[in-house]
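**Q** The amino acid sequence is not available; the structure is as follows:
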């Protein structure tokens, strides 16, 4: 455990400052609450919490294994053993759904502040783990930690206002944004805000640049492939999709569809309500679709790809050592194999060597019939079926073309979670597999 | 005070600033109309529209970061040569020899921050429904700007020419060889043959077009350097101008209709 002691010595200064910062933050919060006089209970709680953080900070500064506050080994091992793509995805989904359903509860400032502090505390305790710190403190990964906290904060800011507005709208009152129609001069009201923002961002960027050196590894070598080889962090969601799809779909078609879908969005959303103010109730479908695509598919996959995918793109728990020797059994089968050999107990159809092009095409079509029918049915039959059932109202309002674009974009977006579930439950590799055309889906 | 007054009354001052000091209501209006840098703004604005809890200031911060990237980028170009011989050494020298050794840090962290603030800006625009009419087209321009921001970051990622750089770009650009029809490992490329000769090979496919070579090498470094320093920033600058102009023309900062 010699290396761990060295590591704790290294990290103790950071952790001391970290806990002191949390203490300061909560101290300020307590003073503000105390001055407002309406929540003295919470003021006391945050004062006690701040003192507790000071204690943790002093313990951390000592830098020895017995004193630096850390999660118990058993807890870390438990988290590692529970971690996996399935639990991660299901867990984040459950969490996001819970935040959405009980948003009225979670947007209360004291609830949000408690969660924020719990997150910070867990983060601090985890940072005393060498494996965790190694990944999270990797220079290029630091922005993603920032992104997670910023997204949580801004989602809270937006949801809080949406909850208030939705309650007002339900009572027949206009949204908060409309209440105050007062106009002010841009000089000084806006230009000064902009100036202060510029100074704040500059200060923040300077501090960041001084504290954290930019990464520079060994000189480039095209013969020494690092393991894992990762794309820049903002593309790691796409790289994670490669687990479930071939590059032509995960790396080319889906990203193009994301860009196309984003551009098409204002022309597909016919709902005139919710324009220029925060609201969820007035545009639930658009809101949920967006959050599913952005928070669930884009952001959580980036976090997964950055922090939890190690050598050979294997999944590692947050406190697990990234060994390149971890072996994961890959026994994926294509739908073609499942259908012909398992279900029909027949050999997979193969065209005789030297047979005509037409015979070969016919054999491929026959061989892949189950997958082609399934995908064809999904993309061709589902849109009209949905148009007369769940999307009846949408179809009537949108017209044929707009509806078809929307329905197909939705179905293609859902192809990712569907494929994930099929992989986890049936070890399915491909629904359609035509290696003759490099076409695997 | 007297010196200040003398300066403000001098011919030089008056030739530069077309307006008196914005100290009273009239001159605060005049300054917005007559100053080049301020004329992007309206004269007056809805108070709720500029509330931080409403706008988050993220579009403005993104633009400011673009300016920071431009300035630090130009300074970095003084020190950096995009060749196999010098690229890595110049970055080393930037860290170890050059004074103001945080130039690359400012540029790199500014770039990461710009990607994040772009996303947050779009997040806010979505959550307030501000992409809705009459702002549909400006949202589309915004999506193109998002794409260009990611490409700016992606092309810049290669320039330090270390292991992190070339392998991230190798992994990222490998996708292009799977482009349907146009990538040599992509579905359907087998169909593009003339007289039995493959049209799509590793020397003619989409990835080759992106890298300028069969693998990430000196041609790629040069290509990404030009894209990163000239082509994409120019495109971004043009689209930003249209983006801001449309914000004004489409009714300014959004708010309830």
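**A** Received it, and whenever you're ready, just let me know what you need. Not measured: the values here are computed from a predicted model.
**Q** all contacts plus neighbour counts: C-alpha atoms, from now on.
**A** Fine.
**Q** From chain B, how far out is residue A:271?
**A** Residue A:271 sits 9 Å away from chain B, going by CA to the nearest CA, to the nearest Å.
**Q** Residue A:239 now?
**A** Applying CA to the nearest CA to residue A:239 and chain B gives a distance of 8 Å.
**Q** list the helices and strands the host helix or strand of that residue packs on?
**A** Assigning secondary structure by DSSP states H and E places residue A:239 in helix A:236-241. Applying 3 or more CA pairs under 8 Å, 6 or more residues apart in numbering or on different chains; DSSP states H and E, one finds that helix A:236-241 contacts helix A:300-303.
**Q** who touches the helix it packs on?
**A** For helix A:300-303, contacts defined as CA atoms under 8 Å, 6 or more residues apart in numbering or on different chains pick out A:89, A:92, A:144, A:233-238, A:240.
**Q** any idea of the mean pLDDT in the helix holding residue A:239?
**A** Helix A:236-241 shows a mean pLDDT of 94.
**Q** Now the element after it, going C-ward?
**A** Toward the C-terminus, helix A:236-241 is succeeded by helix A:247 as the next helix or strand (DSSP H and E).
**Q** downstream neighbour of that following helix in the secondary structure list?
**A** Next along the chain after helix A:247, taking DSSP H and E as the criterion, comes helix A:254-268.
**Q** contacts for that following helix?
**A** Outside helix A:254-268, the residues that touch it by CA under 8 Å, 6+ apart are A:238, A:398, A:402-403, A:406, A:409, A:413, B:131-133, B:136, B:139-140, B:143, B:147.
**Q** Among the residues you listed, name the buried ones.
**A** Neighbour-count burial (16 or more other CA atoms under 10 Å in any protein chain shown) applied to these gives A:238, A:398, A:402-403, A:406, A:409, A:413, B:131-133, B:136, B:139-140, B:143.
**Q** So what's the residue count around residue 176?
**A** You didn't say which chain, so I picked chain A. The number of residues packed near residue A:176 is 19, by other CA atoms under 10 Å in any protein chain shown.
**Q** ah, I was thinking of chain B
**A** Counted with other CA under 10 Å, the neighbours of residue B:176 add up to 25.
**Q** Name the SS class of residue B:93, please.
**A** Following DSSP: H, G, I helix; E, B strand; the rest coil, the label given to residue B:93 is helix.
**Q** Need the pLDDT of it.
**A** 92.
**Q** now do residue B:194
**A** With respect to pLDDT, residue B:194 has a value of 86.
**Q** Would you state the helices of chain B in chain order?
**A** For chain B, applying DSSP state H gives helices covering B:2-9, B:11-16, B:25-34, B:52-55, B:58-79, B:87-96, B:103-127, B:136-158, B:163-174, B:206-211, B:218-226, B:232-249.
**Q** and the buried ones among the contacts of helix A:254-268 as CSV, adding distance to residue B:167?
**A** Below are the buried ones among the contacts of helix A:254-268 laid out as CSV (distance: CA to CA, whole Å):
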residue, distance to residue B:167
A:238, 16
A:398, 45
A:402, 41
A:403, 41
A:406, 37
A:409, 32
A:413, 28
B:131, 37
B:132, 40
B:133, 43
B:136, 38
B:139, 33
B:140, 32
B:143, 27
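**Q** what's the distance between the helix holding residue A:239 and the middle of its chain?
**A** Centroid separation between helix A:236-241 and its chain, computed with CA atoms, centre = their mean, to the nearest Å, is 11 Å.
**Q** Give me the contact list for that helix.
**A** Helix A:236-241 is contacted from outside by A:230-231, A:250-251, A:255, A:297-306, A:416, using CA under 8 Å, 6+ apart.
**Q** rerun that using 10 Å as the cut-off
**A** Under the criterion CA atoms under 10 Å, 6 or more residues apart in numbering or on different chains, residues A:230-233, A:242, A:245, A:247, A:249-252, A:254-255, A:297-306, A:309, A:313, A:416-417, A:419-420, B:171-172, B:175 lie in contact with helix A:236-241.
**Q** With respect to residue B:74, which of the contacts of helix A:254-268 is nearest?
**A** Nearest to residue B:74 among the contacts of helix A:254-268, counting by CA to CA, is residue B:147 at 22.1 Å.
**Q** Can you name the residues that contact that closest one?
**A** Going by CA under 10 Å, 6+ apart, the list of residues near residue B:147 reads A:259, B:115, B:141, B:153, B:236.
**Q** Could you identify the most distant pair in those residues?
**A** Taking CA to CA as the measure, those span a maximum distance of 18.3 Å, between B:141 and B:153.
**Q** Can I get the contacts of residue B:147 in a markdown table including pLDDT?
**A** Compiled in a markdown table, these are given as follows (pLDDT from 0 to 100):
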| residue | pLDDT |
| --- | --- |
| A:259 | 97 |
| B:115 | 97 |
| B:141 | 98 |
| B:153 | 97 |
| B:236 | 98 |
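**Q** Looking at these, state which has the most neighbours.
**A** That'd be residue B:115 among these, by other CA under 10 Å, with 23 neighbours.
**Q** ok, that residue touching residue B:63?
**A** No - contact between residue B:115 and residue B:63 fails when scored by CA atoms under 10 Å: they sit 11.2 Å apart.
**Q** secondary structure element for the residue sitting furthest away from the middle of chain A?
**A** What lies farthest from the middle of chain A is residue A:354; by CA atoms, centre = their mean that is 49.9 Å. Using DSSP H and E, residue A:354 sits within no helix or strand.
**Q** That one and residue A:360: what is the separation?
**A** The gap separating residue A:354 from residue A:360 is 9 Å, by CA to CA, to the nearest Å.
**Q** So, low pLDDT: which residues of the chain?
**A** Picking chain A for this. Scanning chain A with the threshold set as pLDDT under 70 gives A:1-2.
**Q** Sorry, I should have been clearer: chain B.
**A** B:1, B:100.
**Q** Give me the distance between the residue of it most remote from its centre and residue A:219.
**A** In chain B, counting by CA atoms, centre = their mean, residue B:195 sits farthest out from the average C-alpha position, at 44.8 Å. Computed as CA to CA, the residue B:195 to residue A:219 distance reads 44 Å.
**Q** Ok, residue A:428 next?
**A** 40 Å.
**Q** same deal with residue A:55?
**A** 44 Å.
**Q** Residue B:26 too?
**A** Distance from residue B:26 to residue A:219, by CA to CA: 60 Å.
**Q** Those two - which one has more neighbours?
**A** Per other CA under 10 Å, whichever of residue B:26 and residue A:219 has more neighbours is residue A:219, with 18 against 10.
**Q** List the contacts of that one.
**A** Neighbour list for residue A:219: B:84, B:87-89, B:92, B:160-166 [criterion: CA under 10 Å, 6+ apart].
**Q** In PyMOL, how would I select the buried members of the residues you listed?
**A** Command for PyMOL that selects the buried part of the contacts of residue A:219, burial taken from 16+ other CA under 10 Å:
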select buried, chain B and resi 84+87+88+89+160+161+162+163+164+165+166
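**Q** Chain A next: which of the contacts of residue A:219 are close?
**A** Contacts with chain A within these, as defined by CA under 10 Å from any CA of the partner chain: B:84, B:87-89, B:92, B:160-166.
**Q** And the furthest pair within these?
**A** Spatially, the most separated pair among the ones next to chain A among the contacts of residue A:219 is B:92 and B:166, at 16.2 Å (CA to CA).
**Q** rewinding a little: now, which of the buried ones among the contacts of helix A:254-268 sits nearest residue B:253?
**A** Residue B:253 lies nearest to residue B:131 out of the buried ones among the contacts of helix A:254-268, by CA to CA, at 11.4 Å.
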